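Undergrad: no FASTA, just this:
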């Protein structure tokens, strides 16, 4: 909050985000990583659309569907998501998006990603030849972890940064699934519009604040500010999705126009007079 003028409507509160783009970094050194980054405009999304008890995670499916409408890329779901597909995607993707359940496990609060039949722990993240320009961890508490003296927070976000990813987007607390789905979808649209990673996330949060919500409480930071941008703020190029309905519509329209043209300009047969027949 940037001033003391109270207003009853939460949507109109003077949040700092309305004035400034906010990004974070683990250290000055992490802002100048020299790791080779994949720049092929490739997007890979790994999505787990149910929990261990097979309870569906509708918001994760909605998130994947919304991103598909915006981006061309590879989308991997459920039992096909494992450590092998993860390692492959990490080296081959410009942006790696992981939509699943995450938590802190054990006495040491070990950051953990839950795949369909496997768990990926922070200490299992190994060295890779290439890294994505951006890793989006659309899951709970992926920027949280054990506070180590002199080291800071040991989180999944930090682990991916240590692997060479210049930037991550990760959750500070248990995210609201619906809000995270909407914000990440809008994030990619802003990246396609040419905005940097930090600015794209900033604008996606403003989109949430500026759209009509069903409850005034949905404008509270709990809903829109869990995901934060960590690392080097950079331009990230991706390929937009092909709008087949738009192409089909244009094709149909041209076909109708061409058909009408030929019908209207079809040569007319001359009628023979009685004299010519005789």
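TA: That came through fine. Given the structure is predicted, the values throughout are model-derived calculations rather than measurements. Residues are numbered from 1 along each chain as shown.
Undergrad: so where's the chain shaky on pLDDT?
TA: When the per-residue scores of the chain are filtered using pLDDT under 70, the ranges that remain are 33-36, 52-54, 127, 243-256, 258-278.
Undergrad: those helices in the stretch 51-200 of the chain, which residues are they?
TA: Taking DSSP state H, counting those that start in this stretch, the helices of the stretch 51-200 of the chain run over residues 58-68, 83-92, 156-162, 177-192, 197-210.
Undergrad: Quick one: closest of those helices to residue 26.
TA: helix 156-162 (5.8 Å; Cβ to Cβ). Quick note: C-beta positions are derived from backbone N, CA and C, even for glycine.
Undergrad: The closest one - contacts with which helices or strands?
TA: Based on contacts counted as 3 or more Cβ pairs under 8 Å, 6 or more residues apart in numbering; DSSP states H and E, the elements that helix 156-162 packs against are strand 110-114, strand 134-138, strand 167-171, strand 227-231.
Undergrad: hmm, back to that, point out the most buried one among the helices of the stretch 51-200 of the chain.
TA: helix 156-162 (a mean of 25; mean count of other Cβ atoms under 10 Å).
Undergrad: What separates the first and last residues of stretch 185-200, distance-wise?
TA: Start-to-end span of stretch 185-200 (Cα to Cα, to the nearest Å) is 11 Å.
Undergrad: now do stretch 147-167
TA: With Cα to Cα as the measure, the ends of stretch 147-167 fall 21 Å from one another.
Undergrad: what's it in contact with?
TA: Contacts to stretch 147-167, defined as Cβ atoms under 8 Å, 6 or more residues apart in numbering, come from residues 26, 30, 33, 35-37, 90, 96, 102, 111, 113, 122, 125-128, 130-135, 137, 141-146, 168, 170, 197, 229-234.
Undergrad: run the last query once more with 7 Å
TA: 26, 30, 33, 35, 37, 102, 111, 113, 122, 125, 128, 131-135, 137, 142-146, 168, 170, 197, 229-232, 234 (Cβ atoms under 7 Å, 6 or more residues apart in numbering).
Undergrad: same check, this time on stretch 184-198
TA: Counting by Cβ under 7 Å, 6+ apart, the neighbours of stretch 184-198 from elsewhere in the structure are 21, 23, 63, 66-67, 70-71, 134, 136, 138, 167, 200-201, 203-204, 207, 229, 233-236, 238, 240.
Undergrad: same deal with stretch 103-112?
TA: Identification of contacts with stretch 103-112 by Cβ under 7 Å, 6+ apart yields 102, 119, 121-122, 140-142, 144-146, 155-156, 159.
Undergrad: quick revisit: could you dump the helices of the stretch 51-200 of the chain into CSV with distance to residue 216 added?
TA: As requested, the helices of the stretch 51-200 of the chain are arranged in CSV below (distance: least, Cβ to Cβ, whole Å):
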stretch, distance to residue 216
helix 58-68, 21
helix 83-92, 39
helix 156-162, 31
helix 177-192, 14
helix 197-210, 12
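Undergrad: and of the ones you listed, who's closest to residue 4?
TA: The closest approach between residue 4 and any of those, judged by Cβ to Cβ, belongs to helix 197-210 at 19.7 Å.
Undergrad: could you give the angle of the closest one to strand 134-138?
TA: Here helix 197-210 runs at 30 degrees with respect to strand 134-138, directions being taken by axes from the mean of the first three to the mean of the last three Cα atoms, to 10 degrees.
Undergrad: Tell me the helix or strand right after helix 197-210.
TA: Toward the C-terminus, helix 197-210 is succeeded by helix 221-224 as the next helix or strand (DSSP states H and E).
Undergrad: helices and strands around that next one, which ones?
TA: Using 3 or more Cβ pairs under 7 Å, 6 or more residues apart in numbering; DSSP states H and E as the contact test, the elements touching helix 221-224 are helix 177-192, helix 197-210.
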